[in-house]
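Student: I would like to see how this sequence folds:
(one chain, ligands or ions: 2)
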Amino acid sequence: MIVVMRPGASEEQIQEVCQRLEAAGYKAAISRGVERVVVGAIGILDEPTRQMLMEQLLVLPFVEQVIRVTKPYKLVSSDWKKERTKVAVRDFLIGGDEVIVMAGPCAVESREQLLQTAYAVKEAGADVLRGGAYKPRTSPHSFQGLGEVGLELLREASEITGLPIITEVLDVRDLERVISVADIIQVGARSMQNFALLRELGKTDKPVLLKRGISATIEEWLQAAEYIMLEGNINVMLCERGIRTFETYTRNTLDLSAVAAAKELTHLPIIVDPSHATGRWSLVTPLSLAAVAAGADGLLIEVHPEPSKALSDGPQSLTPERFAALMEKLEPIAEAVERKLRKGGGVKGA
Ligand code: PEP
Ligand code: MN
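Tutor: Ligands and ions are numbered 1, 2, ... in the order given. Have a look, this model is predicted:
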């Protein structure tokens, strides 16, 4: 259940609600909005006890409303937190007025490949450099990423260009190493329901980008985000990267309705990855524009200096020139939906 306090409720009154919830066996999670404080009751109680507690709380003069939550997630829900969450990455926010762009290669392949891409995407105005060191490949015979060496190259690329880094963690045993390099940790589509990993990420305060599973419903995706938030990490972003449908022309089907739906259902920032959604570079630009028009807070885009030589995901990678052209086209679309393309290029963070 969620207890909505009346505007102006005192700290003592908020604490009284928390104590009552805890005495009944719940854990209390407070969300402090601009107008109201909302207290979420986390846990499970038997039906008669829950019913009685709801009635008792409703009688309190400083309680405005007690809402029974039927959704299988609470902290992720826009019922619990009305204001949109803004995730801080170095000196900027994701989820506010600005649309941000994360770009870079699918995988870190070499120092030269990474630095060349990093300079190019920075020049075009990307805010974050992406690059996988640990790659979740469908075939165990495919390139699996450079691992620790890749992480060190990402660290160097960030030091040289000033760009923050997003990179994937695949295995909970690598978490500390990845955290020491990443400004944002990516949980890939295939790991969306690795609950042990989600819980560990929840114990940190590192921003997490949670990709939607290949066949996950919106509700399953949001429950995965709840795993992270329940452990205390509120710096969670959702990423729609296409889902599996009957269509085979595209690698996946970009579910733009999930972007709009997630914005209604949750307070978390939503990022769109049109590269994995389509699998074809020529579709990345139109779908990036559509994603921003649909309300995405940012994009995650694969860029490679020589897509024909890429060790992974070449067919969906933009060349630096095509990426720069996309950035130009994005600006008026962002403005049309009352946002601004940040185009930070790491300059402020350098
Ligand atoms: C990636 O970002 O390179 C990746 C593997 O993405 P996904 O988990 O969405 O397939
Ligand atoms: Mn990829």
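Student: near ligand 1, which residues of the stretch 251-350 of the chain?
Tutor: With C-beta under 6 Å from any ligand atom as the criterion, the stretch 251-350 of the chain comes near ligand 1 at residues 273, 276. All C-beta spots, glycine's among them, are computed from the backbone N, C-alpha and C.
Student: check the chain too.
Tutor: Selection of the chain residues close to ligand 1 by C-beta under 6 Å from any ligand atom yields 106, 132, 136, 188-190, 211, 241, 273, 276.
Student: can you check the pLDDT for the residue located most distally from the centre of the chain?
Tutor: For the chain, the C-alpha farthest from the mean C-alpha position belongs to residue 59; by C-alpha atoms, centre = their mean, that distance is 38.6 Å. The predicted local confidence for residue 59 comes out at a pLDDT of 96.
Student: what does residue 155 give?
Tutor: As summarised for this prediction, residue 155 has a pLDDT of 98.
Student: relative to residue 270, how far out is it?
Tutor: 28 Å (C-beta to C-beta, to the nearest Å).
Student: cool, residue 33 as well?
Tutor: For residue 33, the distance to residue 270 (C-beta to C-beta) stands at 20 Å.
Student: residues near the one residue in the stretch 1-150 of the chain that gets nearest to ligand 2, how many?
Tutor: Residue nearest to ligand 2 within the stretch 1-150 of the chain (C-beta to the ion): residue 106, separated by 3.2 Å. A total of 24 residues lie near residue 106 under the criterion other C-beta atoms under 10 Å.
Student: name the nearest residue to it, ignoring sequence neighbours.
Tutor: residue 313 (3.8 Å; C-beta to C-beta, 6 or more residues apart in numbering).
Student: OK, contacts around the residue in the stretch 251-350 of the chain positioned nearest to ligand 1?
Tutor: Proximity of the stretch 251-350 of the chain to ligand 1 (C-beta to the nearest ligand atom) peaks at residue 276, 4.3 Å away. For residue 276, the set of contacting residues under the criterion of C-beta atoms under 8 Å, 6 or more residues apart in numbering consists of 189, 241-242, 251-252, 302, 313, 316.
Student: domains in the chain, as residue ranges please.
Tutor: The record assigns the chain these domain ranges, following automatic domain parsing: 2-67, 87-341.
Student: before we move on, back to that, how near is the residue farthest from the centre of the chain to residue 22?
Tutor: When distance is defined by C-beta to C-beta, residue 59 is 19 Å away from residue 22.
Student: same check on residue 74?
Tutor: With distances taken as C-beta to C-beta, residue 74 is found 16 Å from residue 22.
Student: quick one, which of these two is more surrounded?
Tutor: More neighbours surround residue 74 than the other of residue 74 and residue 22, with 20 against 13 (other C-beta under 10 Å).
Student: in contact with that one, which residues?
Tutor: Going by C-beta under 8 Å, 6+ apart, the list of residues near residue 74 reads 2, 29, 40, 42, 80, 226.
Student: got it, and residue 338?
Tutor: With contacts defined as C-beta under 8 Å, 6+ apart, the neighbours of residue 338 are residue 97.
Student: phi, psi of it?
Tutor: Per-residue torsions, residue 338: phi 60, psi 40 (degrees, to the nearest 10).
Student: for this structure, which spans come out with low pLDDT?
Tutor: Within the chain, the ranges that satisfy pLDDT under 70 run 346-350.
Student: got the residue ranges for the helices in it?
Tutor: Counting by DSSP state H, the chain has helices at residues 11-24, 47-59, 111-124, 148-161, 175-181, 195-202, 218-230, 256-265, 274-278, 281-293, 320-336.
Student: same list (those helices) but as TSV, adding distance to residue 99.
Tutor: Formatted as TSV, these follow (distance: least, C-beta to C-beta, whole Å):
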stretch	distance to residue 99
helix 11-24	35
helix 47-59	40
helix 111-124	14
helix 148-161	20
helix 175-181	25
helix 195-202	25
helix 218-230	21
helix 256-265	12
helix 274-278	13
helix 281-293	6
helix 320-336	5
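Student: and among these, the most buried is which?
Tutor: helix 274-278 (a mean of 26; mean count of other C-beta atoms under 10 Å).
Student: report whether it contacts ligand 2.
Tutor: No - with C-beta under 5 Å from the ion as the threshold, helix 274-278 lies outside contact range of ligand 2, at a closest distance of 5.9 Å.
Student: what's the answer for stretch 124-134, then?
Tutor: No - judged by C-beta under 5 Å from the ion, stretch 124-134 and ligand 2 are separated, with a smallest distance of 6.7 Å.
Student: pull the CA atoms of that stretch into PDB?
Tutor: The C-alpha trace of stretch 124-134 is given here as PDB (Å, rounded to 0.1, in the frame of the first residue of the first chain):
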ATOM      1  CA  ALA A 124      29.400  15.500 -32.900                       C
ATOM      2  CA  GLY A 125      28.000  16.300 -29.400                       C
ATOM      3  CA  ALA A 126      27.500  12.900 -27.700                       C
ATOM      4  CA  ASP A 127      27.200  13.200 -23.900                       C
ATOM      5  CA  VAL A 128      28.400   9.700 -22.900                       C
ATOM      6  CA  LEU A 129      30.800   7.200 -24.600                       C
ATOM      7  CA  ARG A 130      29.400   3.600 -24.900                       C
ATOM      8  CA  GLY A 131      31.500   0.500 -25.400                       C
ATOM      9  CA  GLY A 132      31.300  -3.100 -24.300                       C
ATOM     10  CA  ALA A 133      34.200  -4.800 -22.600                       C
ATOM     11  CA  TYR A 134      32.200  -7.800 -21.600                       C
END
